[in-house]
Structure formats: structure tokens, C-alpha cells
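S.K.: below are the sequence and a predicted model; questions follow.
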Amino acid sequence: MNLIPSHEEELDRIQMEFLNDKRVCEFLRNTPEIAIGSQTIGPFKKGSRAELPNWIIEILRSQKIARLIPAENYDSSRVIENLYREEQKKKHGSLQTLPPFLYTATNRRIFLLQCDKTTLDPVSIDEIERLQTRLNSLIETRQLKIIRAATSNACLKWQAHLTREERILCEQISSIITSWKKQTIRWNA
């Protein structure tokens, strides 16, 4: 029996945390009271804002009832491009702080865009490609810094700047290196 969660289980847990985490959305039209699952929300007037779990916002967005306010829409390709540019400006020994659910939110957004095969238009296809490319570039830029942090046992020091997924990566690399050192350098063989 393995009591330590696998990498995949950790990522699934992060996704569940993201879906239950709340963001602020703005209603695009007058909306009566809505039953979603076991919850009831509303009524809302056009332009009103509400802080709701991401899973509810996904449903409202798919029905074009609400949108994320710009400050909460950190999974847009423009925001990710800006984060990438800022990350490139940072020195090798520092990381900018990212929204904790950036990767999960972006992956969900890509997934939802891809799932809507009935309305997959050129704009959606372009958005998917931009998100994938920009997210990959951001990850590659930060990955080297995370590896350096893990090799110098600085994961805890940088924890506030890491996303949840990056924390897992940093801790796993650090653990592998520590174990490898213990196996390689045996002073009392």
C-alpha cells in the first residue's frame, strides 16, 4: 500500500481545488435564480458581480451568461504572454509570483475550448494554439529556475512564488537529488 500520493493524484487534487476555488464573474444579462447541481444562485442583474466557484463560472460562461472580470481572467493568452515576458526579465535566481492555479486554469480553458467541437471556429483554434504555445514557453523559462531551486534546497524559500504544480516539481526534484546524494556518497559503507 502506497500512502504517498502519486504525481497524477496530486495534480487531480489541485484541479479539484481549482474547481472549488472562487473567482469574480460579471453577469452579461439579467439572470433569474438558477439551480446548478445542489446549489441555487441568483437572481442577478446585468453588470452585477458575484464571487462563485470556478465550476459554476465554467457553466455560466459556456451559456454566455457571465464572464470573468479582467482581473480574474489570468488564464487568457494575453496575460500569460505578459507573465512570460516578465519572467524572462527576471534574473536566474528569482521567480515572479504567479496566480496559484495558473496552469490548472489554463489547462481547463484549453480543454473546454477543445470540447466545444460544434462551435470550434478559427478564433477558438487560434486561441487554443496561443494558449498552448505561451504556457509552454512560460513553463520552460521557469523550469530551469525551479531545478536550480531544487538543487540548492531552496524550494521552501521560493514557495510563495511557485504555483501548486511547481511546488510538487520542486519538492520531487529535491527529494530525488537528496536520495541520490545519500546513495552516491556513503561515508560509512
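M.R.: Yep, it's here.
S.K.: buried set for stretch 8-25?
M.R.: 10-11, 14-15, 18-19, 23, 25 (16 or more other CB atoms under 10 Å). In this view, the C-beta of every residue, glycine as well, is placed from N, C-alpha and C.
S.K.: mind checking the SS state of Leu98?
M.R.: The assignment at Leu98 comes out as coil when based on DSSP: H, G, I helix; E, B strand; the rest coil.
S.K.: who's in contact with the nearest residue to it once chain neighbours are set aside?
M.R.: Spatial nearest neighbour of Leu98, chain neighbours left out: Thr163 (5.3 Å); criterion: CB to CB, 6 or more residues apart in numbering. Residues near Thr163 by CB atoms under 8 Å, 6 or more residues apart in numbering: 98-103.
S.K.: tell me the pLDDT at Ala154?
M.R.: At Ala154, the model reports a pLDDT of 82.
S.K.: report how many residues lie close to it.
M.R.: By the measure other CB atoms under 10 Å, the count of residues near Ala154 is 16.
S.K.: before we move on, what about the one 4 residues further on?
M.R.: Trp158 has 21 neighbours, counted by other CB under 10 Å.
S.K.: which helices and strands sit right next to the helix or strand that contains it?
M.R.: Trp158 belongs to helix 155-158 when assigned by DSSP states H and E. Helix 155-158 is packed against helix 122-151, helix 164-184, with contacts defined by 3 or more CB pairs under 8 Å, 6 or more residues apart in numbering; DSSP states H and E.
S.K.: can you put those in TSV and add mean pLDDT and mean neighbour count?
M.R.: Shown next, in TSV, are those (pLDDT from 0 to 100; neighbours: other CB atoms under 10 Å):
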stretch	mean pLDDT	mean neighbour count
helix 122-151	90	16
helix 164-184	90	15
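S.K.: nearest to Asp75, out of those?
M.R.: helix 122-151 (7.7 Å; CB to CB).
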